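In: I need the structure of the sequence given here:
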Amino acid sequence: MISAEVICDSISDHGKRLTTFKLRYPKFIHGEFMTHRVISRNASSSRAVPTAKLLEEVRSDALRAGPVFWGANQKGMQAAQELDAPFKGVAQRLWSDAAYEVAKHAEKMLDLGVHKQIVNRLLEPFSHINVIASATEWDNFFGLRLDKAAQPEMRALAIAMWEVQKASTPRLLKPYEWHLPFYNDEGDGTAIALHLDYRLSDALHLDAAIKVSVARCARVSYESFETGKRSIVEEDLKLYDRLLGSQPLHASPAEHQATPDIWVNPDKDYPCNNEGWQRQNEHGNFSGWRQYRKMLQNEAVAPLPAEFTEA
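Out: Residues are numbered from 1 along each chain as shown. Here you go, the predicted structure:
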């Protein structure tokens, strides 16, 4: 149940490539994925997914998360050899038994009235996570995670990502043209709906399109992409307002949208004192791209709740 899909792939005229993936992998390797700080990501939340849905996954031999390589115990972090067939079969049954046992306790807690933000934590080792991930710098990730010393599940994810990125052709974007995951102006009807429903000018249409993309990246936290269900524009704009229309901002879904920056040359461009990117301060964790989050006021300063402020 490890999968990777390129959902938006763009390249600037300076050769800076920005790729956004839709990923699914076992929750137990998410901590390793989170160590790569150049990657912007939004992920499905254990606090948001209905417990009944996770129970169905955990109890299913076809859907349950588990090891892809059943390594034999030895010194060090890495297992070089896999268990012999009889022992591997026993280990797999023990993993399944543990999942069923945990599911039984989780269901009892749910019947007791315990909230899913607690109950679902029991099920995490046997469940998957959906992730939206964007970055311009993937070399270090692939260098580390394609290596044979990487945890097998992490390496399987990296291989899946490597293959789909190699098969993808990035779209050339100029400055002020936008990389917008989940917003497609060539077939899903979103652009038409924006024009007809809102009768917007080009500038306002772009603003709405960015907001639609932000909202749809945020929806990974509670909406299953397996259903194929797409939100409508009105729902997306309302969600954007809830996330970014008031304090504190929930700004991480605004990290996936970006436009190429302009390279300025003191010999050709005026006014200009130094060679470099025109809006370096808006790159965030990207290189050569202006990240939408960095264009938002107070994007990195959440005000303290009232009970923690001094009188």
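
In: closest to the centroid, which residue in this protein?
Out: Among the residues of the chain, the one closest to the centroid is residue 132, at 2.1 Å (Cα atoms, centre = their mean).

In: hmm, that one is touching residue 19, no?
Out: No. Counting by Cβ atoms under 8 Å, residue 132 does not reach residue 19; the two are 11.5 Å apart. To be clear about C-beta, it is placed using only N, CA and C from the backbone, and glycine gets the same treatment.

In: which stretches of the stretch 101-250 of the chain aren't confidently modelled?
Out: 184-204, 221-229 (pLDDT under 70).

In: would you map the strands across it?
Out: Counting by DSSP state E, counting those that start in this stretch, the segments of the stretch 101-250 of the chain that form strands are 128-135, 171-173.

In: redo those strands as a markdown table? Include distance to residue 281.
Out: Formatted as a markdown table, the strands of the stretch 101-250 of the chain follow (distance: least, Cβ to Cβ, whole Å):
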| stretch | distance to residue 281 |
| --- | --- |
| strand 128-135 | 19 |
| strand 171-173 | 20 |
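
In: which of those strands has the highest mean neighbour count?
Out: Compared across the strands of the stretch 101-250 of the chain, strand 128-135 shows the largest average neighbour count, a mean of 23 (mean count of other Cβ atoms under 10 Å).

In: quick check: which helices or strands does it pack against?
Out: Packing partners of strand 128-135 (3 or more Cβ pairs under 8 Å, 6 or more residues apart in numbering; DSSP states H and E): strand 17-26, helix 30-34, strand 40-43.

In: swap in 6 Å and give it another go.
Out: Under the contact definition 3 or more Cβ pairs under 6 Å, 6 or more residues apart in numbering; DSSP states H and E, strand 128-135 sits against strand 17-26, strand 40-43.

In: between those, which one is nearest to residue 74?
Out: strand 17-26 (22.2 Å; Cβ to Cβ).

In: and the helices in the stretch 1-150 of the chain?
Out: In the stretch 1-150 of the chain, the helices defined using DSSP state H, counting those that start in this stretch lie at 30-34, 51-58, 85-112, 116-123, 139-145.

In: next, format the ones you listed as a markdown table and append distance to residue 242 and mean neighbour count.
Out: Output for the helices of the stretch 1-150 of the chain, formatted as a markdown table (distance: least, Cβ to Cβ, whole Å; neighbours: other Cβ atoms under 10 Å):
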| stretch | distance to residue 242 | mean neighbour count |
| --- | --- | --- |
| helix 30-34 | 25 | 14 |
| helix 51-58 | 23 | 18 |
| helix 85-112 | 27 | 14 |
| helix 116-123 | 19 | 18 |
| helix 139-145 | 32 | 15 |
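
In: redo those helices as a markdown table? Include distance to residue 246.
Out: What follows is the helices of the stretch 1-150 of the chain, written out as a markdown table (distance: least, Cβ to Cβ, whole Å):
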| stretch | distance to residue 246 |
| --- | --- |
| helix 30-34 | 27 |
| helix 51-58 | 30 |
| helix 85-112 | 32 |
| helix 116-123 | 23 |
| helix 139-145 | 34 |
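
In: so which of those helices gets nearest residue 42?
Out: Taking Cβ to Cβ, helix 30-34 is the member of the helices of the stretch 1-150 of the chain nearest to residue 42, at 12.0 Å.

In: same question for the closest one, mean pLDDT?
Out: Averaging pLDDT along helix 30-34 yields 95.

In: list the contacts for the closest residue to residue 49 other than its chain neighbours?
Out: Closest residue to residue 49 in three dimensions, ignoring its sequence neighbours and counting by Cβ to Cβ, 6 or more residues apart in numbering: residue 120, at 6.5 Å. With contact set as Cβ atoms under 6 Å, 6 or more residues apart in numbering, residue 120 has these partners: 46, 51, 54.

In: thanks a lot, see you next time.
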